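Peer 1: kindly return the folded structure for what I paste below:
(chains A and B)
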Protein chains: 2
Amino acid sequence: MGFLKFGGFSNHQNTQKPMSEELSGNILVAQSGGPTAVINASLAGVVSEALNHGCIEEIYGGLNGVQGILKEDLVDLAEESQQVIRGLRHTPASALGTCRYKIKRTEDYDRILQVFEAHNIRYFFYIGGNDSQDSAAQISKLAQERGYELRVIGIPKTVDNDLPVTDHCPGYGSVIKYIASSVKEMSLDHEALGQHDLVSIVEVMGRNAGWIAAGASLAKRRNQPDDAPHIILMPEIAFDSERFIYQVQETLKKHRYCMVVTSEGIVDTEGNYVAASSQADAFGHAQLGGAGEFLHNLVETSLGGIRVRSCKLGITQRAAAHCSSQTDNDEAYLCGQAAVRAAVSGETDKMVTLVRSESDQYGCETSLAPLVDIANQVKPFPGNWINEDGISLSFQYQKYAAPLIEGEVKVPYEGGIPQFVALSGNRVSKQLAPYQVG
Amino acid sequence: MGFLKFGGFSNHQNTQKPMSEELSGNILVAQSGGPTAVINASLAGVVSEALNHGCIEEIYGGLNGVQGILKEDLVDLAEESQQVIRGLRHTPASALGTCRYKIKRTEDYDRILQVFEAHNIRYFFYIGGNDSQDSAAQISKLAQERGYELRVIGIPKTVDNDLPVTDHCPGYGSVIKYIASSVKEMSLDHEALGQHDLVSIVEVMGRNAGWIAAGASLAKRRNQPDDAPHIILMPEIAFDSERFIYQVQETLKKHRYCMVVTSEGIVDTEGNYVAASSQADAFGHAQLGGAGEFLHNLVETSLGGIRVRSCKLGITQRAAAHCSSQTDNDEAYLCGQAAVRAAVSGETDKMVTLVRSESDQYGCETSLAPLVDIANQVKPFPGNWINEDGISLSFQYQKYAAPLIEGEVKVPYEGGIPQFVALSGNRVSKQLAPYQVG
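Peer 2: Predicted coordinates for the structure are as follows:
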């Protein structure tokens, strides 16, 4: 099922599931990649659902993704209080810790299987993005080669919304809800300043795709294209300084200010990041973050005397549980539950996907897609969702994204700030000799 | 009453008020300076209270501070619906518009009085910071010289919390609630990354004082000094690169990451902005707002290979109604009401102040202070509220600031984003010839 196919909805999980074979053993669940506001909701979904199945004996969590599994750093999630598991539903970041460790060595895979065998892990759930789904696929492949019975189900997670097959990714709705809300609030501030020479620049995440920046368009009221943000810059459209400055000037003629939202990863016509940095992360991705600063200086030098304000939302945007989407949160939880149900019913080598109902009223159910169709793949932002001006989003995008930010997660406050939970994290006794990671 | 004097509470407004003389006429209220999340709550307080007094005939608002008054751009606030006035209580920014126009010319003051006379303005309420209170004082002085009966009451407003006499300023509680909440959420994200080489830098407002940066310390749980943020940089403590890098290294030895919150206006031992000097190299002009970027580069160059993340909250911090303090909001409203009551009872040339109760349980009442004691004065951050390490806040600060962020303003959402109100802004007919501003 293509991610743009709104019609033809069916519950793949029901129609394609293999003959169920009861497999007794323990669960291991881990989290990977950049945290989100709702990745812990998926964890809560796994734990809650696991309790419903007699074939599942222990519920273990791996600390810091595959890194902790390699080190045999496991915690007993069944020992956590119900309060904590419930609190995970509104707690941002990864309660189990995360990593960006990329498995390269074959001995790493051997070690993971040893850990699984030592702890009778028969169900492995990996909550993460496309790199993580690749790791999950590799682990499963090796288990099959060795004849070790293991069911592996991936659970989607990424603010980047770039996993293929699934309609959207848990984490995305919350990040764009926070950004659209912040842009809306800022627009009132700028409007109040009553100036015709204020340019405001907001830098948001998005290394390779404009999914997150596009979400800022939800700050516009329906049928009010003149509302802020006036210019949305995405990596899909090559950045052209002259055209940009012209667009800023045109906006200032019409409005009291010009609000620009830019992806961190905007590129020039040669495909080079406008704000490239020498640093690269563990996966070899270039580390960005200077696009806003670049535009700030460009406007100042091109349009002398103009007032420029910029902000860079940074990590706040993916951690902002206090302004997260209830729809996103519910779906993240649902994905965790669905993963357990799928594995217990005999599925493996799949990732849970979200399938949008074809009816006019928004609805979403889970399905499954082969891990190999997800691993290391990226879902591009549909070109025809960007208007011809290159700086605004079409009605199709609005229709796609608007339901994802509906509903407000009720975060408890204490002493005026949000209160979150932490796992007590009772360690599972190690069975193996220490292992040198990395 | 000194702002640090917690004892000796009394309601000055009751004990010092002069003989009440009923003065019939119209109200003019305006907003000035940088907007906040609660400046409209003060406006709502003025309008609501004005309706209680028969001597008040019309309730006018001046658009864009004194700029609109000069242009005779007045709106009729009594015509606004009750829904809109109620909605102002959760709407950020300045519904009347604001300005940073500083009156310099004597003809400007003449013009203002002409406008007041033309519209029978007998009560003038100016919601703003110390510049605005100076303008208010000047207008009042001229009216007295000319024998025009006018009562002028200032209403405090500033996220910077730097007005003298008043215990604190409406706007401050909300900005630090948002920052402390964001820092708390980010700290969970960083903790999850499980690295010992992550330095995270958050730049907040604060050109001349560290009031706003200090508020980030509220993210720490009680008696948990090791909680993030680990380093708070304020303009009150001269920035020393070597000491800073040492502190970062020491933090990384103890914790999984080092979170730094910096005021935009930190200065070196010579008193020069650190950001100004760094920006001057590349672009040839000094500009604030780059302290975070400066520290980012400093850490990267001083500690090779370390992972640095930075964010700059910019305008979001003063506009974030969705995470604003109910205490702050209530007090802003109270200040608006108190201003009207004071003026009606015969007071003039005063600013409403907040006086903290001396009891253990937090409470606050309004009082009045002469405008001349406020105008162009700044309240410094108390030196003894900064610990000897220069990067953390004392218990006294916690005791002072913690009550100000209590309670959460319930902002209505529609379509997943906060919904705010706008004035319909029915114009009052102009009586005078046009005037050239500025």
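Peer 1: how about the residues of the stretch 201-350 of chain A by chain B?
Peer 2: Neighbours of chain B within the stretch 201-350 of chain A, by CB under 8 Å from any CB of the partner chain: A:202, A:218-219, A:222, A:279, A:289, A:293, A:297, A:300-301, A:309-316, A:318-323, A:325. No exception for glycine: its C-beta is placed from N, CA and C like everyone else's.
Peer 1: in PyMOL, select just the buried ones from these.
Peer 2: Of those, the buried ones can be selected in PyMOL as follows, counting by 16 or more other CB atoms under 10 Å in any protein chain shown:
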select buried, chain A and resi 202+218+219+289+293+297+300+309+310+311+312+313+314+315+316+318+319+320+321+322+323+325
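Peer 1: just the ones in helices from the residues of the stretch 201-350 of chain A next to chain B, please.
Peer 2: Using DSSP state H to define helices, the subset of these located there is A:293, A:297, A:300-301, A:316, A:318-319.
Peer 1: nearest to chain B, of those?
Peer 2: Distance to chain B, by CB to the nearest CB, is smallest for A:Ala319 among those, at 4.0 Å.
Peer 1: hmm, the closest one is touching B:Glu191, no?
Peer 2: No: counting by CB atoms under 8 Å, B:Glu191 is not a contact partner of A:Ala319; they are 10.6 Å apart.
Peer 1: shared neighbours of those two, which are they?
Peer 2: Shared contacts of A:Ala319 and B:Glu191, defined by CB atoms under 8 Å, 6 or more residues apart in numbering or on different chains, comprise A:Ala93.
Peer 1: report the central residue of chain A.
Peer 2: A:Thr158 (1.5 Å; CA atoms, centre = their mean).
Peer 1: kindly confirm my reading that that one is in a strand.
Peer 2: No: using DSSP: H, G, I helix; E, B strand; the rest coil, the assignment for A:Thr158 is coil, not a strand.
Peer 1: and the closest residue to it other than its chain neighbours, how many neighbours?
Peer 2: Nearest in space to A:Thr158, with sequence neighbours left out and distances taken as CB to CB, 6 or more residues apart in numbering or on different chains, is A:Gly129 at 4.1 Å. Applying other CB atoms under 10 Å in any protein chain shown, we find 24 residues neighbouring A:Gly129.
Peer 1: residue numbers of the stretch 51-200 of chain A in contact with chain B?
Peer 2: Going by CB under 8 Å from any CB, the residues of the stretch 51-200 of chain A near chain B are A:63-64, A:67, A:91-99, A:177, A:180-182, A:184-186, A:188-194, A:200.
Peer 1: test my guess that A:Val159 contacts A:His168.
Peer 2: No: counting by CB under 8 Å, A:Val159 sits too far from A:His168 to count as a contact (11.0 Å).
Peer 1: looking only at neighbour counts, state which of those two leads.
Peer 2: A:Val159 (30 against 24).
Peer 1: correct me, but A:Ile139 touches A:Val152?
Peer 2: Yes: A:Ile139 is within contact range of A:Val152, at 6.3 Å (criterion: CB under 8 Å).
Peer 1: compare those two (neighbour count), which wins?
Peer 2: A:Val152 (27 against 23).
Peer 1: what pairs with that one across the strands?
Peer 2: Counting by DSSP bridges, A:Val152 is bridged to A:Phe124.
Peer 1: how far away is it from A:Leu96?
Peer 2: Remark: distance between A:Val152 and A:Leu96 (CB to CB, to the nearest Å) = 17 Å.
Peer 1: again, but for A:Ala180
Peer 2: Distance of A:Ala180 to A:Leu96, given as CB to CB: 29 Å.
Peer 1: leaving out the residues flanking it, which one is nearest to A:Leu193?
Peer 2: That would be B:Thr98: by CB to CB, 6+ apart, it lies 6.3 Å from A:Leu193.
Peer 1: correction: A:Gly206
Peer 2: Excluding its sequence neighbours, the residue lying closest to A:Gly206 (CB to CB, 6+ apart) is A:Ser263, at 3.6 Å.
Peer 1: so the one you found is in contact with A:Leu233, correct?
Peer 2: Yes: the criterion here is CB under 8 Å, and A:Ser263 meets it with A:Leu233 at 6.3 Å.
Peer 1: identify the contacts common to these two.
Peer 2: A:210, A:213, A:291.
Peer 1: quick check: closest non-adjacent residue to the second one.
Peer 2: On the basis of CB to CB, 6+ apart, the spatially nearest residue to A:Ala213 that is not a chain neighbour turns out to be A:Ser263, at 4.3 Å.
Peer 1: tell me the spacing between that neighbour and A:Leu51.
Peer 2: Between A:Ser263 and A:Leu51 the computed distance is 41 Å (CB to CB).
Peer 1: between these two, who's got more neighbours?
Peer 2: A:Ser263 (29 against 13).
Peer 1: returning to that earlier point: for the residues of the stretch 51-200 of chain A next to chain B, which PyMOL command selects only the ones that are buried?
Peer 2: To isolate the buried members of these in PyMOL, using 16+ other CB under 10 Å:
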select buried, chain A and resi 63+64+67+91+92+93+94+95+96+97+98+99+177+180+181+182+184+185+186+188+189+190+191+192+193+194+200
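Peer 1: inside strands: which ones of the residues of the stretch 51-200 of chain A next to chain B?
Peer 2: The strands, defined by DSSP state E, take in A:Ser200 from those.
Peer 1: surely A:Glu80 meets A:Leu96?
Peer 2: No: using CB under 8 Å, A:Glu80 is not in contact with A:Leu96; the gap is 11.1 Å.
Peer 1: going along the chain, name the helices of the stretch 51-200 of chain A.
Peer 2: A:65-70, A:82-87, A:106-118, A:130-146, A:172-193 (DSSP state H, counting those that start in this stretch).
Peer 1: buried ones in the fourth one?
Peer 2: Just to be clear, that refers to helix A:130-146. A:130-140, A:142-143.
Peer 1: with the third one instead?
Peer 2: For helix A:106-118, the buried set under the neighbour-count rule, 16+ other CB under 10 Å, comprises A:108-109, A:111-116.
Peer 1: tell me the mean pLDDT for that helix?
Peer 2: Helix A:106-118 shows an average pLDDT of 96 in the prediction.
Peer 1: can you give me the offset of that helix from its chain's centre?
Peer 2: 28 Å (CA atoms, centre = their mean, to the nearest Å).
Peer 1: likewise for the fourth one?
Peer 2: Taking the mean of its C-alpha atoms, helix A:130-146 sits 21 Å from the chain's own mean (CA atoms, centre = their mean).
Peer 1: try the last one
Peer 2: Relative to its parent chain, helix A:172-193 has a centroid offset of 20 Å by CA atoms, centre = their mean.
Peer 1: okay, it in CSV with CA atoms only?
Peer 2: C-alpha atoms of helix A:172-193 as CSV (Å, rounded to 0.1, in the frame of the first residue of the first chain):
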residue,chain,number,x,y,z
TYR,A,172,5.6,13.7,13.7
GLY,A,173,2.2,15.0,14.8
SER,A,174,3.6,16.3,18.1
VAL,A,175,6.6,18.1,16.6
ILE,A,176,4.5,20.0,14.1
LYS,A,177,1.8,20.7,16.6
TYR,A,178,4.5,22.4,18.8
ILE,A,179,6.0,24.3,15.9
ALA,A,180,2.6,25.5,14.4
SER,A,181,1.6,26.6,17.9
SER,A,182,4.8,28.5,18.5
VAL,A,183,4.7,30.1,15.1
LYS,A,184,1.1,31.2,15.7
GLU,A,185,2.1,32.8,19.1
MET,A,186,5.1,34.5,17.5
SER,A,187,2.9,35.8,14.7
LEU,A,188,0.7,37.7,17.3
ASP,A,189,3.9,39.2,18.8
HIS,A,190,5.2,40.3,15.4
GLU,A,191,1.8,41.6,14.4
ALA,A,192,1.7,43.7,17.6
LEU,A,193,5.0,45.3,16.8
